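> sequence plus predicted model, see below.
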Number of protein chains: 4
Amino acid sequence: MSDKFGIWLIGAWGGVSTTTVVGLASFQKQLAEQTGLVSALPKFADLQLATWDQFVVGGHEIRDTSYVDEARALHKTAGVFDRDDLDAIAPTLDEFNANVRTGTLLAVGSRIESLASDTARATAGESTSAAIARLSTDIREFRERHGLKHVVVVNLASTEPAVDSNIHELTWSELSTQLDRIEVPASTLYAIAAMQAGCSYVNFTPSVGSDLPALDEFAAESGSLHVGRDGKTGETLMKSVLAPMFADRHLKVMSWVGHNIFGNMDAEVLDDPANKANKVRSKDHLLTEILGYPPQSLVSIENIRSLGDWKTAWDHIHFQGFLNTKMALQFTWQGCDSLLAAPLVLDLVRFTEREWRRGGRSGVMSHLGSFFKSPMKCETPEFAKQYIQLEDWAVEVSAE
Amino acid sequence: MSDKFGIWLIGAWGGVSTTTVVGLASFQKQLAEQTGLVSALPKFADLQLATWDQFVVGGHEIRDTSYVDEARALHKTAGVFDRDDLDAIAPTLDEFNANVRTGTLLAVGSRIESLASDTARATAGESTSAAIARLSTDIREFRERHGLKHVVVVNLASTEPAVDSNIHELTWSELSTQLDRIEVPASTLYAIAAMQAGCSYVNFTPSVGSDLPALDEFAAESGSLHVGRDGKTGETLMKSVLAPMFADRHLKVMSWVGHNIFGNMDAEVLDDPANKANKVRSKDHLLTEILGYPPQSLVSIENIRSLGDWKTAWDHIHFQGFLNTKMALQFTWQGCDSLLAAPLVLDLVRFTEREWRRGGRSGVMSHLGSFFKSPMKCETPEFAKQYIQLEDWAVEVSAE
Amino acid sequence: MSDKFGIWLIGAWGGVSTTTVVGLASFQKQLAEQTGLVSALPKFADLQLATWDQFVVGGHEIRDTSYVDEARALHKTAGVFDRDDLDAIAPTLDEFNANVRTGTLLAVGSRIESLASDTARATAGESTSAAIARLSTDIREFRERHGLKHVVVVNLASTEPAVDSNIHELTWSELSTQLDRIEVPASTLYAIAAMQAGCSYVNFTPSVGSDLPALDEFAAESGSLHVGRDGKTGETLMKSVLAPMFADRHLKVMSWVGHNIFGNMDAEVLDDPANKANKVRSKDHLLTEILGYPPQSLVSIENIRSLGDWKTAWDHIHFQGFLNTKMALQFTWQGCDSLLAAPLVLDLVRFTEREWRRGGRSGVMSHLGSFFKSPMKCETPEFAKQYIQLEDWAVEVSAE
Amino acid sequence: MSDKFGIWLIGAWGGVSTTTVVGLASFQKQLAEQTGLVSALPKFADLQLATWDQFVVGGHEIRDTSYVDEARALHKTAGVFDRDDLDAIAPTLDEFNANVRTGTLLAVGSRIESLASDTARATAGESTSAAIARLSTDIREFRERHGLKHVVVVNLASTEPAVDSNIHELTWSELSTQLDRIEVPASTLYAIAAMQAGCSYVNFTPSVGSDLPALDEFAAESGSLHVGRDGKTGETLMKSVLAPMFADRHLKVMSWVGHNIFGNMDAEVLDDPANKANKVRSKDHLLTEILGYPPQSLVSIENIRSLGDWKTAWDHIHFQGFLNTKMALQFTWQGCDSLLAAPLVLDLVRFTEREWRRGGRSGVMSHLGSFFKSPMKCETPEFAKQYIQLEDWAVEVSAE
């Protein structure tokens, strides 16, 4: 058997996926340094993580485009990537492109539906269980065709609208038998398909994914590793770093206002209030957890087209210090969203594959909490403490 | 014997000292909440720290003013303190006022000298050893007059100019015998006086204080606790919180520019380049320690009179992420310096007294590193990790 | 006859009114400098404007409080005013207080209604024409009681909800005969009452006031001066100063995002979407007028209680320069709203009285456009050009 | 005779020059829109300005490089220009390249000298009068070779150090006869050469250029048009737009701190304090002129290499409003210096050529004051009023 591993991206041709693939292909051609990759830090050198040339990419997508087109568009509009490098990796991108299959439009909401290709629309009428079976088969075939030891499925699709059902209260046997009768979030369908196919599942979006008691049961049953929810790349990363400072110094945060502006496809999708609700919730719970009391807090996200993938976040933190003195901290974060997210996707794939390689483990990988805005089964909302959990895990695994 | 403790402030009528005393007196009269006090957090409740009414204040000063005058001036110019509360605590301030004695002008530099009262100037000609003896006697008399169990001496004086001598290479026996022949930093004179008097010594300023091999020896010999250097209140606190985020995420900091503007007496003193050098050095070493490489870094401090005690710091952090993408974080910190520093002074006094109460301990209290810009004998520059050392200490002491 | 003039404030005990009265009383007692007053600039010295001791204050209000209480509350929460000065002017404030009468709750919307005193609620059931007659009588009695030569009525009440009627299409004879059958904005009732009483009318709020064809007719008929709409104090002032720079330099504004946070009673009222609509509209039309094309623009206003009267506005301007290069300007404005507005109220009163003194004039005072976000009959949206109109007027009047 | 005009750039291969040439060539090939060009605004359409294909470029330079190399480097490091466009205009750039001649190293200072090519160094020993003659001949030959009707010489060279001589007090006959005995600023040598050759002269830098009584005399004598000093592109543009707002509203500016960071060759040169002095002076006088009093003001310029041509300026304006209330405005300007400057260079060339075409005029073109930080013979420091002078000129010229 080969020593290859698969990365299966849900939302395969989106901005984060494209950037992930551009990065991977660049590393395979040794064209770029590994800045931004947590897994490339010296402290993780003893883990014997998989190397870049061990990875093959495939995925599900509902739009009609390609890695090369998307990468060139990002280069043009956001000024990222080196054009000579893009030319050099185009053959690799085309190879990965051939592994992309049609996703499902079930429960993605009208905003995302409006972006769908004719091929994706042609799946209309498919039952939920049929969709899961199809998605699962796509991944299995990918694994077999490339002789992959293991595949990590990563959800990078646009944020889905909240589902109005009692799905959080169902057991796995209830959920699995009612699939065609209740509304199941799109992201959950992919999670089920991944686990059915024997893959690990990483949810990098605010969508539900595997964050359900039923899915936790199924992960145990199927021996699957999973982790999520919502990659922590910008403003929320800052919150999980700064809020502990206020708590530790007993400075009382009276209000924390965060105003996010950007204009990529994510912003487009979040312009639909149904999709935005999931996102804002994921960004907002953190402060109360860290501070121990709820400051007045406000998170707004606005679609400003001229900014494209460059997210600008302005945060105003109004706090009370000694003898009731009011003080303020403001910050402006100017980052390119896809470029912040993509290295974390590669990190999560490598760390997940490494955990899988240990053998005999399943369930939530809570030591990866530092990567997520709403980490599953992670009691620790402070970034620094979450990161120590990752370091401790690395020490433990390296010693095995 | 009483259950009283003393706080002896060097620079007794300066802004931080005055605010410390206003805070303490307000707590003694139960006029204010304890926001801003680390030691008042629930996690330190089991330490059985000294209570506010156990403390008496005295100090050394070279200017001619009073707590009431300085507190009213701060209220007027910076808009801090409640005026009714100031009226209510005036009698307490006057009592503490009576405990202030004349400091020394030796080695303070011409800028600080220019602020001195006639009384302080009258000490001109005093030898270094005579000055130490006088300062030490002042503290002893304070302790005896008030029947204090222990006195914590805290250096809050303006930043002194760097001393041009080989003092860092001397042993205690060399230093103590050459006192009248070499230039000894003013802050070190007070540290020696404090240890001679059997007190603990806290250096909240960038001045040298006890941060010398010789003083470390003397601390061991005299059984003194000490700690320092340079209270971490604003921009540097932010650095020690934010820089680890960049390091942990493998984001490469290309440049970090910090521009500080404020206009209190500290700023006035720092307008003298000799005094400023010590300060900038203390703010600047941190990044290299945390990041593991030196980004281009620049710290400027400007005396802008209209701002008074309200320090505004603008920091611009330019960093490189995935695939060489350049991104930026800017922050503006608007804090009132004295109000940020004063609660930490009270915290340090309480934590120091508690360590002294354990008995039989001497030397640097490295578990207090989170309070300082340049913590003595603390290997950990990251705020979050420094803070864990404090929490661990508290668990250990609480269990005793 | 005396040489006294009256200032009649609608929303008499609100933050701006209170600050206006504190300022006026302070000038009458010669306690303060005239910073912030346009009319006190040397270039307007030849106008022979009325002096501070010539003014007496009265007004309409629907809440139950007093100048002294409101002024002390502002001092306490926002840190403005000198407390000794407040004590010194308390008797004057009390005199003015005695001139405040009960306003009307007609058409103010449920949010403002909820703030009303019992006295104000007792006017429920009053017809529109009866309300106007009552309000008009209040002003006449004030003028007669104090022997005032002229009264300037200034609307400083909270922003009213938009009225859903065809009122913009009515002539004065239609409007005046249908008063009790259609919905008339609250601010318009006061404008009619003012003109009926022979007063000048200044609308410092985004509410409709006299900005109607019918009222313009009535102003001509009754010989009344009027002007408005929405005092230009902070973010919009900045827009009318900065947008011309982009236009003049042919830099293309792609997007302009303005995020306003503050927490005074105005913010409370604007939390009701019905009231906010009028406000946002008034802040937003400007850019298109100045630039000649509509950039993507977004104005948000959020009620952040901890900020009180201190409005913080963050604006992000994304613009395109030479060869499609994208650049950005951000600003943060931190101003105390009432303190920015109040001097302009005094300026408008003095300039209006001066125009009235010229004699024989009526209608909109378009030379006062620089004071307003949505200036009536002012073709010029650029601040600098509006200001030149004021200077030109001053030269003309001074020469008379 | 042809209808061609020449643009002669001093510092011909620097960032601003290169961008100017890239822009011009792009317009000649109709590859770009005219955003950023003042002269392309509809209000200047009736002036019948020269069209892009009428211009030919040449210049003086002391470094050894080329337009194509410099343009590609800017594209690579600053992310500006479209690479396909650069390829398309390469032939034009190469043509212009052939018109570049060797400048002089006289009086440029050691920092600029260190950048010089061997060819430039080979001119060492040349007397001042010989240098002027050589430079003048270069320009004449350029004019003749291309059959140009008129040539506009634009100084875009790096800022020179201040000259320590009484040159400001000399008449033209004194200066012209002492050229080889006194130190004459480099920029002045070029200005003399330009006027001797019958050209117009534009000084876009803070260097002295033609801003001397002697040169003014020589301009009159030789019938030359000239204008300057120091293109107003970023922070100072903002100052000349914002300071009038504070003045007009009688808000007292207590302090204005401006902190500029960038890392291009200009920044490199300004790292030498001798060169920086001229620059800071040019940025700083403005506030006092506009406000009528000197606020505490501070301008710092730092060479931060990672920023390249992207200048970031943070300004903090602390002002006092009504009743002594202190408020603040901060702004952050993020602009690409060369891209802000280059269109203004093209504007100045077109407006200067148009003035020359009117015939019979010489001396300072004071109606171009809005383009400069330190406009010669312009009494009006406010941007809006300077701009009205340009508009008035355009109306006058269009009517001829």
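Perfect, thanks for sending it. This is a predicted model, so every value here is computed, not measured.
> indicate whether stretch A:392-400 makes contact with chain B.
No. Stretch A:392-400 lies apart from chain B when judged by C-beta under 8 Å from any C-beta of the partner chain; the minimum separation is 12.4 Å. (Each C-beta comes from the backbone N, C-alpha and C, glycine too.)
> and that stretch, how far from the chain's centre?
Using C-alpha atoms, centre = their mean, to the nearest Å, the mean C-alpha position of stretch A:392-400 is found 24 Å from that of the whole chain.
> neighbouring contacts of that stretch?
The set of residues that contact stretch A:392-400 without belonging to it, under C-beta atoms under 8 Å, 6 or more residues apart in numbering or on different chains, is A:Lys43, A:Phe44, A:Asp46, A:Leu47, A:Arg354, A:Glu355, A:Arg358, A:His367.
> how about stretch A:361-369?
A:216, A:219-220, A:222-227, A:348, A:351-352, A:355, A:375-378, A:380, A:386, A:389-390, A:392-393.
> in helices only, show me those.
In this view, the contacts of stretch A:361-369 that belong to helices under DSSP state H are A:216, A:219-220, A:222, A:348, A:351-352, A:355, A:386, A:389-390, A:392-393.
> among the contacts of stretch A:361-369, name the buried ones.
For those, a burial check counting by 16 or more other C-beta atoms under 10 Å in any protein chain shown picks out A:216, A:219, A:222, A:224-227, A:348, A:351-352, A:355, A:375-376, A:378, A:380, A:386, A:389-390, A:393.
> got the buried residues for stretch A:108-124?
Buried residues in stretch A:108-124, counting neighbours by 16+ other C-beta under 10 Å, are found at A:Val108, A:Gly109, A:Arg111, A:Ile112, A:Leu115, A:Ala116, A:Ala120, A:Thr123.
> helix or strand with the lowest mean pLDDT in chain A?
Confidence across the helices and strands of chain A bottoms out at helix A:273-284, with a mean of 66, counting by mean pLDDT, DSSP states H and E.
> which residue is it, in chain A, that comes closest to chain D?
Chain A approaches chain D most closely through A:Gly79 (4.4 Å), counting by C-beta to the nearest C-beta.
> so that residue touches D:Gly79, yeah?
Yes. Under the criterion of C-beta atoms under 8 Å, A:Gly79 lies in contact with D:Gly79, with a separation of 4.4 Å.
> next secondary structure element downstream of the least confident helix or strand of chain A?
Under the assignment DSSP states H and E, the closest C-terminal helix or strand after helix A:273-284 is helix A:286-291.
> next one: that following helix, is it in contact with chain C?
No. Between helix A:286-291 and chain C, judged by C-beta under 8 Å from any C-beta, nothing touches; the nearest distance is 13.9 Å.
> is that helix positioned near chain B?
No. Taking C-beta under 8 Å from any C-beta as the criterion, helix A:286-291 and chain B are apart, separated by no less than 11.8 Å.
> just checking, what packs against that helix?
Counting by 3 or more C-beta pairs under 8 Å, 6 or more residues apart in numbering or on different chains; DSSP states H and E, the packing neighbours recorded for helix A:286-291 are helix A:235-248, strand A:252-262.
> direction included, what does the shortest one pair against?
Strand A:252-262 has these partner strands in its sheet, going by DSSP bridges: strand A:296-303 (parallel), strand A:310-320 (antiparallel).
> lowest average confidence across those strands, which one?
Sorting the strands paired with strand A:252-262 by mean pLDDT places strand A:296-303 lowest, at a mean of 90.
> what's in contact with it?
Under the criterion C-beta under 8 Å, 6+ apart, residues A:254-263, A:267-268, A:270-271, A:276, A:279-280, A:283-284, A:287, C:257, C:259, C:298, C:300, C:302, C:304-306 lie in contact with strand A:296-303.
> and if we set it to 6 Å?
Residues external to strand A:296-303 that are found in contact with it (C-beta atoms under 6 Å, 6 or more residues apart in numbering or on different chains): A:255-261, A:263, A:267, A:270-271, A:280, A:283-284, A:287, C:298, C:302.
> just the buried members of those residues?
Of the members of the contacts of strand A:296-303, the ones counted as buried by neighbours, 16+ other C-beta under 10 Å, are A:255-261, A:263, A:267, A:270, A:280, A:283-284, A:287, C:298, C:302.
> for D:Arg101, state which of these is nearest.
Closest approach between these and D:Arg101, by C-beta to C-beta: A:Gly263, at 46.8 Å.
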